[in-house]
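Engineer: give me the fold of what follows.
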Amino acid sequence: MTDDYIDSPRKKALKAFLKSLNLQSADLKRVNLALTHSSYAFEKGLPGDNERLEFLGDAVLGFLVSRYLYDKYPDADEGRLSKRKARIVSRSMLGRQATRLGIGNLLLLGKGEEISGGRRRSTLLGCALESLIGAFYLSAPLEDVSHFVKEKLIKPAEELLQSDIFADYKSRLQEYAQKNFQCVPEYRLISQSGPDHKKSFCIEVTIQGKPFGKGYGSRKKEAENDAARIALEYPYH
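Structural biologist: Below you'll find the predicted structure:
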């Protein structure tokens, strides 16, 4: 499969996906590119991957979320709006929304990323979602893109932000570890990458020295929370 050719099963899956989002007008080639990770493009010798679309989608998403919050919270100051926006567009939040939308099942990944669990990695999924928004912006009416972001991303994110289940995975994992292992989880930094304005941290959580999950986020605390989520939802043990 090249960036210009999409076989029949792939085309059928992409069309069904776009129909579920009410974005049938989006260009299939751009959508396919948005779901092509750099590891897959490298292995297949393809000329492009989803990173440029991610750059565009990040900006489009930021604008649409900012406009939504500006209109919805007329009495909120810049600090409160910025804080809420940051939580909505965080890697862990976008990764969760991408999982809910089934994006992980459509990703084209290299073998290494596939083996290491890339389909459930919040950072990778969040990037793919931003890439899709970039593809939608280039090929679908802005009104449709705005509706998708509002209904499929912002509103579900705000519901999660009001619930304890999203905000406090670390506490839940600590309770689990104390009950089952009589100890507390430990978190350690595995790696960090990206420019200062868009850092990505990888944190691993261990219990009694045994790895239980790796999490990713734009802040260390966010990555720790994501690692706790992975440990609870996809345990190593």
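Engineer: ok, which stretches of the chain are strands?
Structural biologist: With DSSP state E, the ranges of strands along the chain come out as 186-193, 200-207, 210-217.
Engineer: dump the second one to PDB, keeping only the CA atoms.
Structural biologist: Taking only C-alpha atoms (Å, rounded to 0.1, in the frame of the first residue of the first chain), the coordinates of strand 200-207 have been written out as PDB:
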ATOM      1  CA  SER A 200       6.600  14.500  25.600                       C
ATOM      2  CA  PHE A 201       7.500  12.500  28.700                       C
ATOM      3  CA  CYS A 202       7.500   8.700  29.100                       C
ATOM      4  CA  ILE A 203       7.000   7.400  32.600                       C
ATOM      5  CA  GLU A 204       7.000   3.800  33.700                       C
ATOM      6  CA  VAL A 205       5.200   2.600  36.800                       C
ATOM      7  CA  THR A 206       6.400  -0.400  38.800                       C
ATOM      8  CA  ILE A 207       5.100  -2.300  41.700                       C
END
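Engineer: against which helices or strands is it packed?
Structural biologist: Helices and strands touching strand 200-207, by 3 or more CB pairs under 8 Å, 6 or more residues apart in numbering; DSSP states H and E, are helix 169-181, strand 186-193, strand 210-217, helix 220-233. The way it works is simple: take the backbone N, C-alpha and C, and place the C-beta from them, glycine included.
Engineer: what pairs with that strand, and is each one parallel or antiparallel?
Structural biologist: According to DSSP bridges, strand 200-207 has the following sheet partners: strand 186-193 (antiparallel), strand 210-217 (antiparallel).
Engineer: closest one to residue 162 among the strands of the chain?
Structural biologist: Proximity to residue 162, assessed across these by CB to CB, is greatest for strand 210-217 (20.1 Å).
Engineer: tell me the angle of that closest one relative to helix 169-181?
Structural biologist: When axes from the mean of the first three to the mean of the last three CA atoms, to 10 degrees is applied, the directions of strand 210-217 and helix 169-181 differ by 180 degrees.
Engineer: now residue 160: how far from residue 66?
Structural biologist: For residue 160, the distance to residue 66 under the criterion CB to CB, to the nearest Å works out to 19 Å.
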